[in-house]
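Undergrad: give me coordinates for this.
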Amino acid sequence: MELTESFILAVLGLVGGGGSACLVYFLKSRCKTIKCCCIECEREVIPNVTANIHNASTTRSNSVV
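TA: Modelled structure (predicted):
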C-alpha cells in the first residue's frame, strides 16, 4: 500500500473523530470517575437541575384599527 497525502489525511480524520467522540462521552457522562484505555478522569459532577417553566396565560386581542 502506498502512503499518499489523502490516505494520511483520512487516517488523521478517523483518529481525530474517535478522539472527539471520547471527549463528548466524557462531557455527557454523569460518572465521577471515568476510565477509558489509558485515560483516567476524576471530576466533580454538576448536579442535574431541572428548570420549572410556567406557561403564562397570554390574552390576545384581535382589534382592527
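Undergrad: in space, what's closest to K32 - neighbours in sequence excluded?
TA: In space, K32 comes closest to V45 once its chain neighbours are excluded; the distance is 5.7 Å by C-beta to C-beta, 6 or more residues apart in numbering. Heads up, the C-betas are built off the backbone N, CA and C, glycines and all.
Undergrad: look at that neighbour and give its secondary structure.
TA: coil (DSSP: H, G, I helix; E, B strand; the rest coil).
Undergrad: just R30 next, same as before
TA: coil.
Undergrad: please begin residue numbering at 49 from this point
TA: Happy to do that; since the first residue is 49 now, the last one works out to R78.
Undergrad: now it: how far from E50?
TA: Using C-beta to C-beta, to the nearest Å, one gets 46 Å for the distance from R78 to E50.
Undergrad: who's in contact with the residue nearest to C79 when sequence neighbours are not counted?
TA: Residue nearest to C79 in three dimensions, not counting chain neighbours: V93, with 7.4 Å by C-beta to C-beta, 6+ apart. For V93, the contact set (C-beta atoms under 8 Å, 6 or more residues apart in numbering) comprises 78-80.
Undergrad: okay, these in CSV with neighbour count and distance to L60 next?
TA: Below are the contacts of V93 laid out as CSV (neighbours: other C-beta atoms under 10 Å; distance: C-beta to C-beta, whole Å):
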residue, neighbour count, distance to L60
R78, 8, 31
C79, 11, 29
K80, 10, 33
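Undergrad: of those, closest to S54?
TA: Of all these, the one sitting nearest S54 is C79; the distance, using C-beta to C-beta, is 38.4 Å.
Undergrad: how many neighbours does G61 have?
TA: 10 (other C-beta atoms under 10 Å).
Undergrad: meant to ask about F74, not that
TA: F74: 14 neighbours (other C-beta under 10 Å).
Undergrad: check which element follows the helix or strand where it lies along the chain.
TA: Taking DSSP states H and E as the criterion, the element that holds F74 is helix 53-76. Reading on from helix 53-76 to the C-terminus, the next helix or strand found by DSSP H and E is strand 81-84.
Undergrad: now that following strand: average pLDDT?
TA: The average pLDDT within strand 81-84 is 77.
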